[in-house]
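1. following is a predicted model, sequence given first.
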Amino acid sequence: EGAQPTHQLPASDHPQYVVVSTAPQQQQHDPPADEPIATETNSDDVPPDPPSEPTDTDPPPLLGSTTRTGRAIKPSSKMRESMEQREHNIVAYQVEYEVLDPALYTEEDTHADLDDPIAYLFKATADPDTMYHHEAMREPDAHKFRESMVKEVNDHTQRDHWAIMLKKDLPDGEIILPAVWSMKRKRRIATQEPYKWKSRLNLGGHKMIPGKHYDETYAPALSWPIIRLFLILSLLHGWKTRQLDFILAYPQAPVVRPTFMELPKGINFPGLDRNKHCLRVKRNINGGKDAGRTWYLYLKKGLLEIGFQQSRVDECVFYRGTTILLIYTDDCILLDRNEAGINKAIKDLQSKFSVQDEGNLEDYLGVLIRRQDDGSIHLSQPHLIDSILKDLGLIDSDGKPKKDVKEKDMPALTTKLIGPDPDGPEFDYDWSYRSAIGRLNFLEKCTRLDISYVTHQCARFTANPKRSHGAAVKHLARYLLSTRDKGMVLRPDDTKSLECFVDADFLGNWDKRIASNDPDTARSRTGYIITYGGTPIHWASKLQTQFALSTAESEFLALSTATRYVKSLMFLLDELHKRNFKVSRTPTIYCKVFEDNVAALEIARVPKLRPRTRHLNCIYHHFRNEVANKRIRILPIRTKEQPADIMTKLPSIQLFFKHRDKLMGWTAPD
C-alpha cells in the first residue's frame, strides 16, 4: 500500500517479512518517537535482546516481560502511561499490529475455538477460496491474507468498534466469547482473477447463550424471484440501476447487550497479555447470533429517517419517490427512472452509513449480470459451474474437459427414475455428495431452472447416497459441461403480465419394491413456473406434503401451492401500481394460471362439494375469492404446450429442448 518497512529485522535461519498496516491512506500517520510500529518475522518464538534503553524502532514490551537474561524491560514514557490507564479501566488503544507466524501456534490454540475439533482436519467448505485461518496460512498467497488481517483489525480499532479491558474488571456473570477468523479469496466472475483477499473477524456466536446474549435472530433477506422481477421491470420501463455495498456493514450498528471477546489469535497486540486482557465490543461485530438482525433493524431505522418507506409485502424492498432500494444484507440495488434520483439516494445514504457506490449492476451475489446489445440481460454463474465440474473430476485445473469425459444432452436418463436404491452399492466417489447437491441447488435457484427436477430428485438422497445417485449427479454435471456458458436470458414481452404454469406428476416416484417401507414413494410431485412479461421469475419442483388420491387431486394441490406465491407477487405489483409505477397494461393485475387437467380446473372454478373431493381441506381453496373476483384466471393448456412439465419429470428430448430453450431465453422470441 505504499508504506515502507519500519526497520531491519535481525538475521535468522527462517524467511523474514514485514507486515505493515493496510489502513486507508488518509488515516496513516507517522508514529511518535516512543510509539513503535510492530513487525512480523518467521524467526524464533523469543525475540532478540533489546538494547538497554528503548529506541524508536523497539516493539512495545509486554506487561511483566523480561529478557532471556532476566533483566526487566524498561517501557517508554508513553507506554508506561498507557499501562497505568489499562490497570484501572477500559481504554481505547491505537496501535499498529503484527501477524504472528502460524508455525508458533500450539495445537491447543488452533483447536480452541472449534465446537468439534475433528472439523479442524477438514476444509471449511468445498470452495477452495473459502478457508479457515490455518488453511489460509498455508496458501501461496498467504501474505495477502496476513495483510488483510492487519487491515481488518486496524479498521475495527480506528472505527472504535472495541475497547481494551482487563479481565479482572469483567462484570460478574459475564463470559468472554472467542474471536474467530474466516478467510475468503474473491474472484471476478468473468475472468476468475483474484481481486480481493478478505479476512473477517467474527465473534464466536456458537458460545453465545440464548436469553443472555440474544433473543431474536431472524433477519430478512432479499430473494432471487424479487431481484428478477425488478430487473425485468427495469428492462420494460427503462429504469436505471446501481449497485451499492455497505463497508463493514454489521459493525456500523451498536451492540444491543454487553459483549466481551478474546484478543484475536494470529495478531500480536503490543503491550497486552492475552491472559489479562480482553475486548469490550462496542459495535455489532460479525458472528453473533443476532448480528444479522441487529444490522437490519439499524439499517431500517436509518432508511426511514432519510425518507424511505418499507414495503408492506417484502421487508427488503424500500421506496422513496421514484427510487426503489432492494436490500440483501449489505449488498443493495438502487433503481430509478433517472440517474439524478439514484445519485441523490446515494448521497443521502452516505450521510447515514459507510456505503460504497459499486457502479452498474454486474456481479451480484455470485451471479454475473450482463446487458446485451439487444437490450436483454444475461444471468450466469460460470464460476459455480466450473467449481462443480472440477470437484467431480470432469475438467482439469485449466478448465478444459478431460479426454474421457463425454457431454450429455439431457440432465438425466429418460428411461430410468432417480429413486431409492436400498440394495445398491454404497457411494464410493472421491467427492462430497452433499457439497455437490448444495451448489447444484444454488445454481438451480439462481439461473438454471432446466436442472430443477433432476437436482431435487438427487437431493432427496443426500443423507444416504448410493453409487447410483452419485452416477446421476455426474450425469447432470456432464449436461452442465455441455451448457457451461449458458444462463438465463431476461428478454421480457411488454404484452404479457403475471402468468403461472402449473403441473403435477401423480405417483411419479412409486416403487412397489420399497413402498411398504418408504411412504414417500406414494407422494406426487408439484412443479410450477411463474413468469412476468413471459420471463421466468420463480419456479419450484417439490414433493407434495399431502398424499393425493387421484390425478385430479394432485393437480389441484399443485395449483394451490403455486397460487400462494402468485398472490404475494400480485400484492407486490399492486403496491407498485399504487405508487405510480407502471407494472402492467391495465390497472388490475391479472394472473393466468394454466392447467392441463380438466378435473382440477373444474374444482378450482366451481368448488362445490363432491363425494371424491369432500375431504379436501379448505386451506387448498384459499384462492377461491381471487378467482371469483377475476383477479386470477385459471385457463386450460395443452399438455404438450405445458412448460412446467419439465419441473415434474423428464419428457422426450424434443419437448425438453422446446420448453427449456423458450424458458431460458436461448431461442429468439416468436
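-> Perfect, I can see it now.
2. ok, H133 - contacts?
-> 102, 181-183, 199, 265-266 (C-beta atoms under 8 Å, 6 or more residues apart in numbering). To be clear about C-beta, it is placed using only N, CA and C from the backbone, and glycine gets the same treatment.
3. out of those, which is most surrounded?
-> Neighbour count (other C-beta atoms under 10 Å) singles out G266 as the most crowded of the contacts of H133, with 26 neighbours.
4. name the helices or strands packed onto the longest helix seen in the chain?
-> As assigned by DSSP state H, the longest helix anywhere in the chain is helix 551-578. Helices and strands touching helix 551-578, by 3 or more C-beta pairs under 8 Å, 6 or more residues apart in numbering; DSSP states H and E, are helix 224-237, strand 498-505, strand 525-532, strand 535-543, strand 591-595, helix 598-605, helix 624-628, strand 632-636.
5. how about 7 Å then?
-> Contact here means 3 or more C-beta pairs under 7 Å, 6 or more residues apart in numbering; DSSP states H and E; on that basis helix 551-578 packs against strand 498-505, strand 525-532, strand 591-595, helix 598-605.
6. any idea which of those scores lowest on pLDDT?
-> Among the helices and strands packed on helix 551-578, strand 591-595 carries the lowest mean pLDDT, at a mean of 49.
7. circling back: farthest-separated two in the contacts of H133?
-> P102 and S182 (15.6 Å; C-beta to C-beta).
8. if we can go back for a sec, of the contacts of H133, closest to A463?
-> Checking these one by one against A463 (C-beta to C-beta), the nearest turns out to be S182, at 26.9 Å.
9. element containing the closest one?
-> strand 179-187 (DSSP states H and E).
10. how close does L576 sit to D290?
-> 32 Å (C-beta to C-beta, to the nearest Å).
11. and for S148?
-> For S148 relative to D290 (C-beta to C-beta), the value is 26 Å.
12. now G393
-> Distance from G393 to D290, by C-beta to C-beta: 41 Å.
13. pLDDT value on Q642, please?
-> For Q642, pLDDT reads 89.
14. that one against D505, yeah?
-> No. Under the criterion of C-beta atoms under 7 Å, Q642 makes no contact with D505, lying 11.7 Å away.
15. so between G393 and D290, which is more surrounded?
-> D290 (22 against 14).
16. quick one: secondary structure of W431?
-> Assigned by DSSP: H, G, I helix; E, B strand; the rest coil, the conformation of W431 is coil.
17. and K144, backbone torsions?
-> phi -70, psi -40 (degrees, to the nearest 10).
18. mind listing what it touches?
-> If you count contacts by C-beta atoms under 7 Å, 6 or more residues apart in numbering, K144 has them with W197.
19. what's the pLDDT at the nearest residue to A221 once chain neighbours are set aside?
-> In space, and not counting its chain neighbours, A221 is closest to Y328: 5.8 Å by C-beta to C-beta, 6 or more residues apart in numbering. At Y328, the model reports a pLDDT of 95.
20. what's the answer for D109, then?
-> For D109, pLDDT reads 42.
21. so, low pLDDT: which residues of the protein?
-> Low-confidence segments of the chain, defined by pLDDT under 70, span residues 1-126, 190, 515-516, 584-624, 668-670.
22. okay, buried residues for stretch 566-578 please.
-> Across stretch 566-578, burial judged by 16 or more other C-beta atoms under 10 Å covers 566-567, 569-570, 572-577.
23. ok, what's across the strand from the residue nearest to A221?
-> Beta bridges link Y328 to D331 when assigned by DSSP bridges.
24. and it, what does it touch?
-> 221-222, 316, 365.
25. buried ones only from the residues you listed, please, as a PyMOL command.
-> Buried members of the contacts of Y328, identified by 16+ other C-beta under 10 Å, are gathered into one PyMOL selection as follows:
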select buried, resi 222+316+365
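26. in CSV, list the contacts of Y328 along with secondary structure.
-> Shown next, in CSV, are the contacts of Y328 (three-state DSSP):
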residue, secondary structure
A221, coil
L222, coil
C316, coil
L365, coil
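27. show me which pair in the contacts of Y328 is furthest apart.
-> C316 and L365 (12.5 Å).
28. D520: what secondary structure?
-> helix.
29. hey, what's the nearest residue to P264 once chain neighbours are set aside bridged with?
-> Counting by C-beta to C-beta, 6+ apart, P264 lies nearest to A179, which is 4.1 Å off, once chain neighbours are set aside. Going by DSSP bridges, A179 is paired in beta bridges with L203.
30. quick check, D518 in contact with D421.
-> No. In this structure, D518 is not within contact of D421 by C-beta under 7 Å, at 11.3 Å.
31. tally of neighbours for L177?
-> Close neighbours of L177, defined as other C-beta under 10 Å, add up to 26.
32. wait, I meant T545
-> T545: 9 neighbours (other C-beta under 10 Å).
33. wasn't it part of a strand?
-> No. Read with three-state DSSP, T545 is coil and lies in no strand.
34. any idea how far it is from I646?
-> Counting by C-beta to C-beta, the gap from T545 to I646 is 22 Å.
35. mind listing what's buried in stretch 269-282?
-> Result for stretch 269-282 [16+ other C-beta under 10 Å]: buried residues 269-272, 277-282.
36. what do you get for stretch 394-403?
-> For stretch 394-403, burial by neighbour count (16+ other C-beta under 10 Å) applies to 394-395, 401.
37. residue nearest the middle of this protein, spatially speaking?
-> When C-alpha atoms, centre = their mean is applied to the chain, the residue found nearest the centroid is L365 (6.6 Å).
38. R228 touches I537, doesn't it?
-> Yes. Using C-beta under 7 Å, R228 is in contact with I537, at 4.4 Å.
39. could you report the neighbour count for the nearest residue to Y528 once chain neighbours are set aside?
-> The spatial neighbour of Y528 that comes closest, neighbours along the chain excluded (C-beta to C-beta, 6+ apart), is A562 at 3.7 Å. When neighbours are counted by other C-beta under 10 Å, A562 registers 28.
40. now do N268
-> 18.
41. if I look at L272, how far off is L201?
-> 16 Å.
42. and for N338?
-> 40 Å.
43. compare these two (neighbour count), which wins?
-> L201 (23 against 13).
44. now do the buried residues in the host helix or strand of the more buried one.
-> Assigning secondary structure by DSSP H and E places L201 in strand 194-203. By neighbour count on 16+ other C-beta under 10 Å, the buried set for strand 194-203 is 197-203.
45. turn those residues into TSV, including distance to C446.
-> TSV is the format used below for the buried residues of strand 194-203 (distance: C-beta to C-beta, whole Å):
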residue	distance to C446
W197	25
K198	22
S199	27
R200	23
L201	29
N202	26
L203	30
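46. and these, which two are the farthest apart?
-> Largest separation among those by C-beta to C-beta: W197 and L203, giving 21.5 Å.
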